[in-house]
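**Student:** Below: sequence and its predicted model.
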Amino acid sequence: MLAPLVLVACSSGGGSPGGEGRSTRATGVATSEPAPDTTSGIEDTGDIEADPARLPTSRDEALAFIDLVIADPASFGPDVIRRSPYESDPATWPVLGTDCVWQQQKPLSSVLATRGRSFEVPAAGGKGPVRLSAVVTVHRSREGARWEMAESVEETMRCPTQQLQKGELIGSLVAAALPQGESGQENSADALTEIGQYKSSTLGGPFPYVWQQAQTLQFTVAVTGKGAKGRTEEELDELTNQAQAAMLLRLKSAVEKQS
């Protein structure tokens, strides 16, 4: 069970949702950037004993690191395929505006690199397509990653109903957090889950919606699942949990001290 940090329930509104939707979750509108990291030595590493020499310190290193960690179709399980466009532009990331509409903007200077990928379980057997995404962000410091997590919580409180791409809404959002050590959560320093309802003008709805994000060291990894006709919450949970676990394992392998 998740320990509730934020509980926000709201109608999804009366608009006509639809469109293809965002590929990822990321930090919202910020009035200032995170302060320089002063947390070196604090045991905020999940169960990772990191080798400082393996941590990226430049944009090129961060992009190479993301390629090692970010999910591919097999990370979610069988029947998952790439969507087009498959990868997001690393020069942009999604920001939730004051109007609760997601838009692409330039990442904060505290971000070394970020990239998202889009996937799908195709429609079959009378069931609609499941839209999936994964994102990895490398911050310059652990404080930057923590800032992103905190802003994600604020977004749910500020905008319990959000417009993704044109014609697509999520609403009735409920968010919960699991810090390291609570309820068996040992894979990251901090973890967030958001669930709600998803509506699309092309797919209908409401359908189940889930988003997960985890933070360890200077990194955040996230997955999103958007349901469709005939798809259950359990299906979304299995898909997103598997991909999130795969990315956290890859992250650990990429930075851990070698014996």
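**Tutor:** Happy to help now that I have it.
**Student:** rest of the way, CA atoms for contacts and neighbours
**Tutor:** Noted.
**Student:** okay, which residue is most central for this structure?
**Tutor:** Residue closest to the average C-alpha location in the chain (C-alpha atoms, centre = their mean): residue 222, at 2.6 Å.
**Student:** Which residues are in contact with that one?
**Tutor:** 24, 25, 134, 135, 136, 211, 212, 213, 214, 244 (C-alpha atoms under 8 Å, 6 or more residues apart in numbering).
**Student:** same check, this time on residue 91
**Tutor:** Residues near residue 91 by C-alpha under 8 Å, 6+ apart: 106, 107, 113, 114.
**Student:** Am I right that the second one is in a strand?
**Tutor:** No. If the criterion is DSSP: H, G, I helix; E, B strand; the rest coil, then residue 107 is coil and not within a strand.
**Student:** I'd like the mean pLDDT over the helix or strand harbouring residue 238, please.
**Tutor:** Element membership of residue 238 [criterion: DSSP states H and E] is helix 233-255. Averaged over helix 233-255, pLDDT sits at 95.
**Student:** Which neighbouring elements make contact with it?
**Tutor:** Applying 3 or more C-alpha pairs under 8 Å, 6 or more residues apart in numbering; DSSP states H and E, one finds that helix 233-255 contacts helix 59-69, helix 73-76, strand 204-216, strand 219-226.
**Student:** Counting by contacts, list what the third one packs against.
**Tutor:** I take that to be strand 204-216. Partner elements for strand 204-216 (3+ C-alpha pairs under 8 Å, 6+ apart): helix 142-158, strand 190-200, strand 219-226, helix 233-255.
**Student:** which one of these has the most crowded surroundings?
**Tutor:** strand 219-226 (a mean of 28; mean count of other C-alpha atoms under 10 Å).
**Student:** what's the spacing between that one and its chain's center?
**Tutor:** Relative to the chain's own centre, strand 219-226 is displaced by 2 Å; criterion: C-alpha atoms, centre = their mean, to the nearest Å.
**Student:** about what we covered before: for the helices and strands packed on strand 204-216, which one sits closest to residue 51?
**Tutor:** helix 233-255 (5.9 Å; C-alpha to C-alpha).
**Student:** what angle sits between that closest one and strand 204-216?
**Tutor:** Using axes from the mean of the first three to the mean of the last three C-alpha atoms, to 10 degrees, the direction of helix 233-255 lies 30 degrees away from that of strand 204-216.
**Student:** and residue 78, what are its phi and psi?
**Tutor:** phi -70, psi 160 (degrees, to the nearest 10).
**Student:** any idea how far residue 120 is from it?
**Tutor:** 11 Å (C-alpha to C-alpha, to the nearest Å).
**Student:** Between the two, which contacts overlap?
**Tutor:** What both residue 78 and residue 120 touch, as defined by C-alpha under 8 Å, 6+ apart, is an empty set.
**Student:** Who has more neighbours out of the two?
**Tutor:** Ranked by neighbour count (other C-alpha atoms under 10 Å), residue 78 and residue 120 place residue 120 first, with 20 against 10.
**Student:** element containing the nearest residue to the more buried one once chain neighbours are set aside?
**Tutor:** Spatially, and ignoring its direct neighbours in sequence, residue 120 is nearest to residue 131 (4.7 Å; C-alpha to C-alpha, 6 or more residues apart in numbering). According to DSSP H and E, residue 131 maps onto strand 130-139.
**Student:** hmm, who's touching that strand?
**Tutor:** The contact list for strand 130-139 (C-alpha under 8 Å, 6+ apart) reads 23-25, 62, 66, 69-71, 110-123, 145, 218-228, 231, 240, 243.
**Student:** Quick check: mean pLDDT of stretch 82-91?
**Tutor:** In this model, stretch 82-91 carries a mean pLDDT of 93.
**Student:** Just the buried positions in it, please.
**Tutor:** Across stretch 82-91, burial judged by 16 or more other C-alpha atoms under 10 Å covers 82, 83, 87, 88.
**Student:** Show me what residue 198 is bridged to.
**Tutor:** residue 170, residue 207 (DSSP bridges).
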